[in-house]
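Undergrad: below are the sequence and a predicted model for it; my questions follow.
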Amino acid sequence: MPEQDTPEAEAGYAHWDQKPALGRRGMILAVVIPVLIAAAGFGVVAIVSHGSETAATAIKVPTGEWIPGQAGGSTTIQGNLAVDGRHCVYLQNPAGEIWPVWPAGFRARLDANGKVSLYDGKDHLVARDGEGIQATGTLTSPAAFAGETCLPSNDDVAVVQSEVTRIG
């Protein structure tokens, strides 16, 4: 077979002698440009999220085992939602401080200004710092809740055994 019939010979050059489609500069740009675009995107996200600082710190509240639908006590538990320097949530009323044991699933969040918000077991806002709330339940010794944080050692605690409603 004559050498003239091979594809390399017909084209007049060998395939492996061709210049690459992308030179060194093209390869560098192919890597650098996506990295710069990603960095700019992250910068924009950081600037946008920095301006909307609504971060809150989750704080634990003492909880019992009562869940909606169960029978509960009939003592009225009422006061304005407050938080102390230890990040303990309590109710303030004219008679003094009430240290509640909240229903199962309750939790609280403390914002950057030190204001507390209370949430129920379904993540619905119950009340914010200073707002009045009311519930029913029983008064009992804190000994029944040993290990729970933010409860007094000798005064009775208010075990919330009803839905908590905002008043005022």
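TA: Noted; the coordinates are in hand. These figures come from a predicted structure and were not determined experimentally.

Undergrad: CA only for contacts and neighbour counts going forward, please
TA: Will do.

Undergrad: wait, what's in contact with Gly137?
TA: Gly72, Gly73, Ser74, Thr75, Thr76, Ile77, Ala158, Val159, Val160, Gln161, Ser162 (Cα atoms under 8 Å, 6 or more residues apart in numbering).

Undergrad: if we go to 10 Å?
TA: 66, 71-77, 100-102, 158-163 (Cα atoms under 10 Å, 6 or more residues apart in numbering).

Undergrad: quick one: it is in a strand?
TA: Yes - looking at Gly137 with DSSP: H, G, I helix; E, B strand; the rest coil, it is inside a strand.

Undergrad: distance check, it against Lys115.
TA: 26 Å (Cα to Cα, to the nearest Å).

Undergrad: what do you get for Ala71?
TA: The value you get for Ala71 to Lys115, if Cα to Cα is used, is 32 Å.

Undergrad: could you flag which of the contacts of Gly137 are buried?
TA: Neighbour counting by 16 or more other Cα atoms under 10 Å classes Trp66, Gly72, Ile77, Pro100, Val101, Trp102, Ala158, Val159, Val160, Gln161, Ser162 among the contacts of Gly137 as buried.

Undergrad: how about a markdown table for those residues, with pLDDT, secondary structure and distance to Ile47 added?
TA: Below are the buried ones among the contacts of Gly137 laid out as a markdown table (pLDDT from 0 to 100; DSSP: H, G, I helix; E, B strand; the rest coil; distance: Cα to Cα, whole Å):
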| residue | pLDDT | secondary structure | distance to Ile47 |
| --- | --- | --- | --- |
| Trp66 | 90 | coil | 44 |
| Gly72 | 90 | coil | 49 |
| Ile77 | 95 | strand | 45 |
| Pro100 | 95 | strand | 41 |
| Val101 | 95 | strand | 41 |
| Trp102 | 95 | strand | 38 |
| Ala158 | 94 | strand | 45 |
| Val159 | 95 | strand | 45 |
| Val160 | 96 | strand | 43 |
| Gln161 | 95 | coil | 45 |
| Ser162 | 94 | coil | 44 |
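
Undergrad: going along the chain, name the helices of the protein.
TA: 7-11, 24-51 (DSSP state H).

Undergrad: looking at those, which is nearest to Tyr90?
TA: Closest to Tyr90 of the helices of the chain, according to Cα to Cα: helix 24-51, at 31.6 Å.
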